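Enquirer: take a look and give me a structure for this.
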Amino acid sequence: MKIATKTAHFTSPLYLESGRILEPFDIVYESYGKLNEARDNVVLVCHALSGSHHAAGLYEGDRKPGWWDALIGPGKGIDTDRYFVLCTNVIGSCFGSTGPMSPMYPSEQPYRLKFPVVTIKDMVRAQRQLLARLGIHHLHAIVGGSMGGMQALQFGVDFPGFADRIIPLACTYATRPWVIAFNKVAVEAIRRDPRFDNGNYAPDAFREHGCDGLAVGRIAGHISYLSPASMDRKFGRNYVATDGLFELFGRYEVERYMEYNTDNFSRVFDPLSYLYIVKAINTFNLSRGYDSLHDAVSRIRASVHLISFAGDYLFFPEEMAHLARMLERNGQPHSYHEIDSDYGHDAFLVEVEKFEGLIKEILEEKR
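Expert: Prediction:
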């Protein structure tokens, strides 16, 4: 599968929900498949907190494919032989799109904490500008999980009729205190890390040794992405063979796993970007700017296909079910599917085989 990675540069302003302006700004995006002559086969894929535009395929020399490679590709759930698939890196991220470590025009100095707070609504508005630049004015579908699902829902509300299908997985209509509390661990761990230095660190400061604050905060996040059942199954009460049981800092396998994954993550993900994206997740509320959630949802003209996971301890299935009941009362075209899983929130990334056929069926439905 051919991967095309490009950067779009915008000199026109992006008006943010906060009232501030981002100008100029860049969006990095990746595409797979071929745009047909009618331009009606476009599927937009939206990424989650730690994701990027690299959703599928392998870069030359890489061993690890894009984060949703199991779902996107020839003959897969999102079939690149049929659809032209786009995935953009959200503004605020650290993988090429304009974020807090980007130069603050007209200087070459990074924004750092002068970067404006961005919201899910802002991320969607930036993507809409990119699509207009590409000459795409209608989408076959928008698909995303977790924060990506928030973007898909926000697209449906803010740009009614722009997409035929909205497919949000493992997300919510408004971030609840439970999630904000988990995120608070990461925020405070980063802020209190002396090397964070109130955001005044060098751009490559954490490349070799990582950011301890981000690593600690990511442990809290990682716990919320799994479930007790999946941890039992994956680790049990196994102890690291080379650690002594009566050593104070001897580790169970689950502890070693957390250390390894979070230390690596803190070397590649910028801590300021993490703070800004977590803020966007915390402030997500589909009803903001409208009279009520009902008013917001009533604006959607696409068919909405909600997919939740039974073992999700971050965004509980009841949150998606609430949206489904609202769509049902409104007589809006929709479906709701709760996937039988005890993996946890990350099932939308890991257990693709459980919903791949469903995604394929939804994309092929006649309207």
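
Enquirer: ramachandran coordinates for the residue nearest in space to the middle of the chain?
Expert: Nearest to the mean C-alpha position of the chain, by CA atoms, centre = their mean, lies Ala48 at 1.1 Å. The phi/psi pair for Ala48 (degrees, to the nearest 10) reads phi -90, psi -170.

Enquirer: for the residue nearest to it when sequence neighbours are not counted, grab the count of nearby residues.
Expert: Nearest non-adjacent residue to Ala48, counting by CB to CB, 6 or more residues apart in numbering: Ser146, 3.9 Å away. Every C-beta, even on glycine, is put in place using the N, C-alpha and C of the backbone. Around Ser146 there are 27 other residues, counting by other CB atoms under 10 Å.

Enquirer: kindly report the same for Asp342.
Expert: 17.

Enquirer: surely it touches Ser230?
Expert: Yes: here Asp342 reaches Ser230: they are 6.3 Å apart, a contact under CB atoms under 8 Å.

Enquirer: overlap in contacts of those two?
Expert: Gly311 (CB atoms under 8 Å, 6 or more residues apart in numbering).

Enquirer: Glu30: what secondary structure?
Expert: With DSSP: H, G, I helix; E, B strand; the rest coil as the basis, the three-state label of Glu30 is strand.

Enquirer: three-state assignment of the residue nearest to it when sequence neighbours are not counted?
Expert: Spatial nearest neighbour of Glu30, excluding adjacent residues (CB to CB, 6+ apart): His53 at 4.4 Å. Using three-state DSSP, the structure places His53 in coil.

Enquirer: export stretch 340-359 as CSV, just CAs?
Expert: Extracted in CSV, the C-alpha atoms of stretch 340-359 (Å, rounded to 0.1, in the frame of the first residue of the first chain):
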residue,chain,number,x,y,z
ASP,A,340,-18.2,-7.8,23.9
SER,A,341,-14.7,-7.2,25.3
ASP,A,342,-13.0,-7.2,28.6
TYR,A,343,-9.7,-5.7,27.3
GLY,A,344,-10.4,-2.1,28.3
HIS,A,345,-10.5,1.2,26.5
ASP,A,346,-7.7,0.2,24.1
ALA,A,347,-9.8,-2.5,22.6
PHE,A,348,-10.6,-0.1,19.7
LEU,A,349,-6.9,-0.4,18.8
VAL,A,350,-6.1,-4.0,19.8
GLU,A,351,-9.2,-6.1,19.1
VAL,A,352,-9.9,-4.8,15.6
GLU,A,353,-11.1,-8.3,14.5
LYS,A,354,-14.2,-7.8,16.7
PHE,A,355,-15.5,-4.8,14.8
GLU,A,356,-13.7,-4.8,11.5
GLY,A,357,-16.6,-6.5,9.7
LEU,A,358,-19.0,-4.1,11.2
ILE,A,359,-17.0,-1.1,10.0
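
Enquirer: mind checking how far that stretch is from the chain centre?
Expert: Here stretch 340-359 is found 16 Å from its chain centre; the criterion is CA atoms, centre = their mean, to the nearest Å.

Enquirer: let me see the mean pLDDT of it.
Expert: Mean pLDDT, stretch 340-359: 98.

Enquirer: start the count at 17 instead of 1 going forward.
Expert: Right, with 17 as the first residue, what we last looked at is stretch 356-375.

Enquirer: quick one: buried residues of it?
Expert: 357-368, 370-371, 374-375 (16 or more other CB atoms under 10 Å).

Enquirer: give me the number of residues near the spatially closest residue to Pro126 that is not a sequence neighbour?
Expert: Spatial nearest neighbour of Pro126, excluding adjacent residues (CB to CB, 6+ apart): Met117 at 4.7 Å. Here the count is done by other CB under 10 Å, and Met117 has 18 residues near it.

Enquirer: try Ala318
Expert: Using other CB under 10 Å: Ala318 sits among 25 other residues.

Enquirer: and it, what does it touch?
Expert: By CB under 8 Å, 6+ apart, the contact list for Ala318 reads Ile158, Gly172, Pro176, Gly177, Phe178, Ala179, Asp180, Arg181, Ile182, Pro349.

Enquirer: what's the farthest-apart pair in the buried residues of stretch 356-375?
Expert: Largest separation among the buried residues of stretch 356-375 by CB to CB: Asp358 and Ile375, giving 20.9 Å.
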